[in-house]
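Visitor: build me a structure from this.
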Amino acid sequence: MSTSTTSTPMGLLTDKIALVTGAGRGIGAASARLFAAEGAKVVLTARTETELRAVTEEIRAEGGTADYVVCDLADAASVRGAVDTVLSLHGRLDIAFNNAAVSVPPAPLADVPEADFDLILSVNLKGCWLAMAAEIAAIRSTAGSGAIVNNSSVGSLRGNPTLPAYGAAKRAVNSLTESAAVSYGPEGIRVNAVAPGTTMTEMIKRWVAYEPDLLTRLNAKTPLRRPAEPYEVAEAAAWLLSDRASYISGVVLSVDGGMQA
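Guide: As a prediction, the model looks like this:
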């Protein structure tokens, strides 16, 4: 006679308290959905409340746990307030995905308006730094150990003549990622980045509006011959944040269909 027992499968991020920035659409929204489906309690942040509310309600309708807080990554107090909201809701922070970013119209370096350059640095670089600083402080004071993933870009890994300010900011994000991994690894805080290639987000669609043949050219440089969907980048971020990646830190992982090969 044999007996069998059943149990609820454990998700990749079961019982993790997660913060996702830029979670109103694109890769951030896909990540919030995936993290919740994998068992995390997720707090979403972005600047647009209507988008945040829609994604949060969708996650709840699927049985997940999600809340949101409006946050401007260029404002230090707003960033700290978002992290404080996570702590007030759940008492700790385990993992964070710093996905939020802005884009500007493509232009060669000498033609980039100063306002565009300043915007890219204030959100894509300084905003990431502000988020990391607040998240690391929260992890250290509550969970004690955890993981952070930053969203970079394959455009940070080589010269970027079309989006030079964007590429420069993302390359700096890679450096922040590696520095934080070295600084906080001894405390059990892992820090990594994903570097997406061509991904079907609003950002790439706006770029296509300036260069209609863009996707054809980028796909020709990609061995898989297609762009990624946002959920495919989310899957990489989820794995890096999970305990399955427990010995991986300081890595910038290309999620690019082989473009860097």
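
Visitor: tell me the SS of L253?
Guide: The three-state label given to L253 by DSSP: H, G, I helix; E, B strand; the rest coil is strand.

Visitor: that one and G197 touch, don't they?
Guide: No - L253 lies out of contact with G197 (Cβ atoms under 8 Å); the separation is 11.5 Å. The way it works is simple: take the backbone N, C-alpha and C, and place the C-beta from them, glycine included.

Visitor: so the two - more neighbours on which side?
Guide: G197 (22 against 19; other Cβ atoms under 10 Å).

Visitor: per-residue pLDDT, that one?
Guide: G197 is assigned a pLDDT of 95 by the prediction.

Visitor: tell me the contacts of it?
Guide: Taking Cβ atoms under 8 Å, 6 or more residues apart in numbering, we find G197 in contact with 154, 218, 222, 227-228, 254-257, 259-260.

Visitor: buried subset of those?
Guide: 154, 218, 222, 227-228, 254-257, 259 (16 or more other Cβ atoms under 10 Å).

Visitor: let me have those in a markdown table, adding pLDDT and secondary structure as columns.
Guide: What follows is those, written out as a markdown table (pLDDT from 0 to 100; DSSP: H, G, I helix; E, B strand; the rest coil):
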| residue | pLDDT | secondary structure |
| --- | --- | --- |
| V154 | 95 | helix |
| L218 | 93 | helix |
| T222 | 96 | coil |
| P227 | 95 | coil |
| A228 | 95 | strand |
| S254 | 97 | strand |
| V255 | 97 | strand |
| D256 | 96 | coil |
| G257 | 96 | coil |
| M259 | 95 | coil |
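
Visitor: which secondary structure elements does the helix or strand containing E235 contact?
Guide: According to DSSP states H and E, E235 maps onto helix 230-241. Applying 3 or more Cβ pairs under 8 Å, 6 or more residues apart in numbering; DSSP states H and E, one finds that helix 230-241 contacts helix 26-37, strand 95-98, strand 146-151, strand 189-196, strand 252-255.

Visitor: out of these, which gets nearest to Y68?
Guide: helix 26-37 (8.9 Å; Cβ to Cβ).

Visitor: just the angle between the closest one and strand 189-196, please?
Guide: Going by axes from the mean of the first three to the mean of the last three Cα atoms, to 10 degrees, helix 26-37 is angled at 130 degrees with respect to strand 189-196.
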